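Chemist: Here is a sequence together with a model predicted from it:
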Amino acid sequence: MPSPTSHTQNDGRSRLDAATAAVRLGVRRSLESCSADAAVLACVSGGADSMALAAALAFEAKARSIRVHSITVDHGLQPGSGTVAERTAQTLATWGIEAHIEQVTVTDAGGPEAAARNARYRAIDAVADRTGVELVMLGHTLDDQAESVLLGLARGSGAGSLKAMAPLNGRYARPLLGVRRKQTRDSCMARGIEVWDDPQNDDDAFARVRARRIVLPVFEKELGPGIAEALARTAEQSREDEDAFEQMIEEFIEEVCEPAEAGIAVEVSALAHNPAALRNRLIRYVAQAEFGASLSRTHTLAIAALVTDWRGQGPINVPGISVSRRGDRIVFTAAEKA
């Protein structure tokens, strides 16, 4: 297997193709937040996206004295998955990467995609903790970002889902959100890097695959090129707006909330005198922050009606929480203590 720096010109200098340059630039920018002599973990499935990421990371880390680990998760869901994991790890080891293989058990809880993702992230977190890395790099591309936005729109999930994936979330970094999927494959081809194509990526049983193979190409055909880039820009702008709202709410919540028996109380006037967008966000924030509950829009509007359409109605019961109006306060109480 060629190294990530192979392919030289006749004069001995490395010939850098445009796709590899784009991948390396994304990785380089992510590494700027790392301290000297840090360690980084790359999540590598063996596909083109993650192999291009790992090759770029192996190259960029050398100049910064950064130690590179990788994790390849074997979900055991397909015949030969263990062989793919072993082959991937062997390739990464030839690039100077300390490769780890983790086998996980996937249950059906929450659906196959969610179950596999949860098992995968538990394994990633375990290896990240064990190796003491500062960053965990994921190979999500601009195309993945566009698909996430499209699926969020289809679900009607609101602005929170439209921001899709963040370039940096805690220790999780996504250096390739500005890189197209085709570029990662072109980079691997230019470098002679063998990749594995997951057959599930062509399985139309998954909504994300249908968005990739059917919906986005129709958009491109009927509306013109650049749809994926436009959806990715939507994610970036939505994230800026959402982050600003979150900061405002965190500052505001301290002023309008107070402890209540088995819960928390919010001033009615504070909710009534603000626009619906802010009022509903405050309600959702309290539910999530205090009780770990994610409210649907129906639940949110029912609680907001205690402020905007008060007719003496009784408590609103939502999963895990009972919400009632008591004088000039909206009181959120844990359901079991209501």
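Modeler: Received it, and whenever you're ready, just let me know what you need.
Chemist: From the centroid of the protein, which residue is nearest?
Modeler: Central residue of the chain (Cα atoms, centre = their mean): Met165, 4.0 Å from the mean position.
Chemist: OK, contacts around it?
Modeler: His140, Asp144, Gln145, Ser148, Arg174, Leu177, Ala235 (Cβ atoms under 8 Å, 6 or more residues apart in numbering). To be clear about C-beta, it is placed using only N, CA and C from the backbone, and glycine gets the same treatment.
Chemist: sec struct for it, please.
Modeler: Under DSSP: H, G, I helix; E, B strand; the rest coil, Met165 falls in the coil class.
Chemist: quick one: contacts for Thr184?
Modeler: With contact set as Cβ under 8 Å, 6+ apart, Thr184 has these partners: Ala19, Val23, Ala48, Asp49, Met51, Ala52, Leu53, Gly139, Thr141, Leu176.
Chemist: which one is the fourth one nearest to, not counting chain neighbours?
Modeler: What that stands for is Asp49. Nearest non-adjacent residue to Asp49, counting by Cβ to Cβ, 6 or more residues apart in numbering: Gly139, 3.8 Å away.
Chemist: Strands of the stretch 1-150 of the chain, start to end?
Modeler: Counting by DSSP state E, counting those that start in this stretch, the stretch 1-150 of the chain has strands at residues 39-43, 67-74, 98-103, 135-137.
Chemist: strands paired with the shortest one, and their directions?
Modeler: Read it as strand 135-137. Under the criterion DSSP bridges, strand 135-137 sits next to strand 39-43 (parallel), strand 172-173 (parallel) in its sheet.
Chemist: could you redo those as a markdown table and give each row distance to Lys62, mean neighbour count and mean pLDDT?
Modeler: Below are the strands paired with strand 135-137 laid out as a markdown table (distance: least, Cβ to Cβ, whole Å; neighbours: other Cβ atoms under 10 Å; pLDDT from 0 to 100):
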| stretch | distance to Lys62 | mean neighbour count | mean pLDDT |
| --- | --- | --- | --- |
| strand 39-43 | 12 | 25 | 97 |
| strand 172-173 | 18 | 23 | 97 |
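Chemist: now these in CSV, with distance to Ala58?
Modeler: Putting the strands paired with strand 135-137 into CSV (distance: least, Cβ to Cβ, whole Å) gives the following:
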stretch, distance to Ala58
strand 39-43, 9
strand 172-173, 16
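Chemist: nearest to Glu113, of the ones you listed?
Modeler: strand 39-43 (16.4 Å; Cβ to Cβ).
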